[in-house]
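*Asks:* need coordinates for the following:
(one chain, ligands or ions: 1)
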Amino acid sequence: MIRLLSDFAALDRYAHATHGQDMSSLDTLARLEATIATRRAADPESSYVAKLHAKGLGKIAQKLGEEATETVIAALTEDDKALTGEVADLIFHLMVLLGARDVPFAAVLAELDRREGVSGIAEKAARPKD
Ligand SMILES: N=c1c2ncn([C@@H]3O[C@H](COP(=O)(O)OP(=O)(O)OP(=O)(O)O)[C@@H](O)[C@H]3O)c2ncn1[C@@H]1O[C@H](COP(=O)(O)O)[C@@H](O)[C@H]1O
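*Replies:* The predicted model follows:
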């Protein structure tokens, strides 16, 4: 967990230095990641995170899939408030999945940074053909 927090601290310094922008959204995700890491060891009777972990990676992945489906349905048929709630559920379960696999969210951010400025169309066209 200390590593997670120091990763985010480094990202925070980087973002302020390069963009000078408000990092509150990153703070929210950093806090959520730290909370999830802590709650993994809690009592499954009183912690949803612990309950999910007790059921294993398969259950966590299944929940993420369900939340993704609910997000798609909300995007197509529900209002902005409902969609916002479903996306929050989706991101929460995504963070639980990453935690279960011990993949820090900072690694995802680093991958997005690596892709920055590379068009998806150009990247796909440059893939080796089988
Ligand atoms: N952000 C969230 C969050 N978003 C959604 N959820 C829970 O995710 C669950 C998803 O709803 P479902 O109806 O699909 O769940 P369910 O019916 O229990 O699932 P099944 O048994 O049917 O599979 C609900 O229980 C929600 O309360 C969350 N639970 C926890 N958090 C965060 O995680 C922290 C730690 O939570 P605990 O581990 O519960 O203390 C909290 O303080 C929050 O910050």
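*Asks:* how about stretch 64-73: buried residues?
*Replies:* Applying a neighbour-count criterion of 16 or more other CB atoms under 10 Å, the buried positions in stretch 64-73 are 64, 67, 70, 71. All C-beta spots, glycine's among them, are computed from the backbone N, C-alpha and C.
*Asks:* wait, which of the residues you listed is closest to residue 99?
*Replies:* The shortest gap between residue 99 and any of those belongs to residue 64, at 11.9 Å (CB to CB).
*Asks:* show me what contacts the closest one?
*Replies:* Contacts for residue 64 were tallied using CB atoms under 8 Å, 6 or more residues apart in numbering; they are 90, 93, 94, 96, 97.
*Asks:* do the same with residue 29
*Replies:* Counting by CB under 8 Å, 6+ apart, residue 29 makes contact with 91, 95, 105.
*Asks:* ok, the most centrally placed residue in the chain to residue 80 distance?
*Replies:* Compute the mean C-alpha point of the chain, and by CA atoms, centre = their mean the closest residue is residue 95, 4.1 Å away. When distances are taken as CB to CB, to the nearest Å, residue 95 and residue 80 turn out to be 22 Å apart.
*Asks:* so the residue nearest to the centre of the chain, which state does it fall into?
*Replies:* The three-state assignment at residue 95 reads helix, by DSSP: H, G, I helix; E, B strand; the rest coil.
*Asks:* so it versus residue 84, what's the distance?
*Replies:* In this structure, residue 95 lies at 17 Å from residue 84, with CB to CB as the measure.
*Asks:* and if you look at residue 55?
*Replies:* Distance from residue 55 to residue 84, by CB to CB: 27 Å.
*Asks:* contacts only, for residue 123.
*Replies:* Residue 123 sits next to residue 115 when contact means CB under 8 Å, 6+ apart.
*Asks:* that one: helix or strand, and which one exactly?
*Replies:* When secondary structure is defined by DSSP states H and E, residue 123 falls within helix 120-125.
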